[in-house]
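Student: Next input, structure requested:
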Amino acid sequence: MTTVSPSLEVQRKTPLWKKLGRVPWTWRITIGYLTVMLFIPVVAMFLKASTEPPARFWAIATSDIALATYNVTFVTAIFAALLNGVFGTLIAWVLVRYDFPFKRVIDATVDLPFALPTSVAGLTLATVYSNNGWIGSLLAPLGIQISFSRTGVAVAMIFISLPFIVRTVQPVLQEMEHEIEEAAWCLGASQWQTFWKVILPPLFPTILTGVALGFSRAVGEYGSTVIISSNTPYQDLIAPVLIFQRLEQYDYSGATVIGIVLLSISLVLLLAINFLQAWARRYDS
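Tutor: Alright, predicted model coming up:
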């Protein structure tokens, strides 16, 4: 015969409203804020998409134009995030490890995509990289077109996601101890071996975090990409623009279906990146 401890018996008899009353206010505020700002909108989007029959939901989600926009959006966003993962880490390294003239100006300029309206960024990039622009005019004789093409979408995504990688990696680099590198050098390690075996392992999870943030920002970008691209289906039309086009046609449920697909794919990719982060931390430990 099993006996129940008095404390457990008291907990079972305690009304639910009294248990909730013991929850700290910080938890209540956090749960309430997340419910209003995150959970309810996501649930509402799923409920709106569920108004479509399963057959029509599948037809909208897997239509030719939708699949083409997924390809442009996610492949280009992954490319931009990985490229920024390399160069963003390099920029953070230079800003942390070197002193040079106008360092503060360059450091502040990295945050420019945060403050700059995306439409202004798109207009600026489209002007600079057009065939008559400062950079586009140099590439046009080589047959390279950036503005109003898929390459322009990649440039816009790289521009708006760069600060996420730099600002994620920079604090970790500042906290790394130089004595560890000096110890590796004293043991005969080269600079490349020191970077690969001493610096990169603890830095790798942070780089993955920055890449995940940059990827998420690139997938949801609309203001700059809609200006620098031609928005041509099967070429450089991205999913957020397709959603806006569906809304202009008063196809609210169809736009919601595309949004659900974007949300689901982004969630799966972010979970995969988080799994890699956890694996990297276990490997490092």
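Student: Let me know the average pLDDT across stretch 64-75.
Tutor: Mean pLDDT, computed over stretch 64-75, is 93.
Student: again but with stretch 266-277, I slipped
Tutor: 79.
Student: likewise stretch 185-194?
Tutor: 75.
Student: contact partners of that stretch?
Tutor: E181, A184, K197, V198 (CB atoms under 8 Å, 6 or more residues apart in numbering). Yep, even glycine has a C-beta here, placed from its N, CA and C like the rest.
Student: Could you do stretch 68-86 as well?
Tutor: Contacts of stretch 68-86 (CB under 8 Å, 6+ apart): 150, 153-154, 157-158, 161-162, 164-165, 207, 210-212, 214-215, 218-219, 233-242, 258, 261-262, 265, 269.
Student: Give me the buried subset of those.
Tutor: 150, 153-154, 157-158, 161-162, 164-165, 207, 210-212, 214-215, 218-219, 236-242, 258, 261-262, 269 (16 or more other CB atoms under 10 Å).
Student: Quick check, central residue of the chain?
Tutor: S216 (2.3 Å; CA atoms, centre = their mean).
Student: CA atoms only: put the helix or strand where it lies into CSV for me.
Tutor: Secondary structure assignment for S216, by DSSP states H and E: helix 200-219. Output of helix 200-219 as CSV, limited to C-alpha atoms (Å, rounded to 0.1, in the frame of the first residue of the first chain):
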residue,chain,number,x,y,z
LEU,A,200,36.8,28.8,-33.5
PRO,A,201,35.4,26.0,-31.2
PRO,A,202,34.0,28.4,-28.5
LEU,A,203,33.1,30.9,-31.2
PHE,A,204,31.2,28.6,-33.5
PRO,A,205,27.9,28.4,-31.5
THR,A,206,27.8,32.2,-31.5
ILE,A,207,28.4,32.4,-35.2
LEU,A,208,25.6,29.9,-35.7
THR,A,209,23.3,32.2,-33.6
GLY,A,210,24.2,35.2,-35.7
VAL,A,211,23.6,33.2,-38.9
ALA,A,212,20.2,32.1,-37.6
LEU,A,213,19.2,35.7,-36.7
GLY,A,214,20.4,36.9,-40.1
PHE,A,215,18.6,34.2,-41.9
SER,A,216,15.3,34.9,-40.1
ARG,A,217,15.7,38.6,-40.9
ALA,A,218,16.4,37.9,-44.6
VAL,A,219,13.4,35.6,-45.0
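Student: Which residues does whichever helix or strand comes after it contact?
Tutor: Note on helix 200-219: by DSSP H and E, the next helix or strand toward the C-terminus is helix 225-228. Here helix 225-228 makes contact (CB under 8 Å, 6+ apart) with 119, 122-123, 125-126, 129, 147-148, 152-153, 155-157, 238, 240-241, 244.
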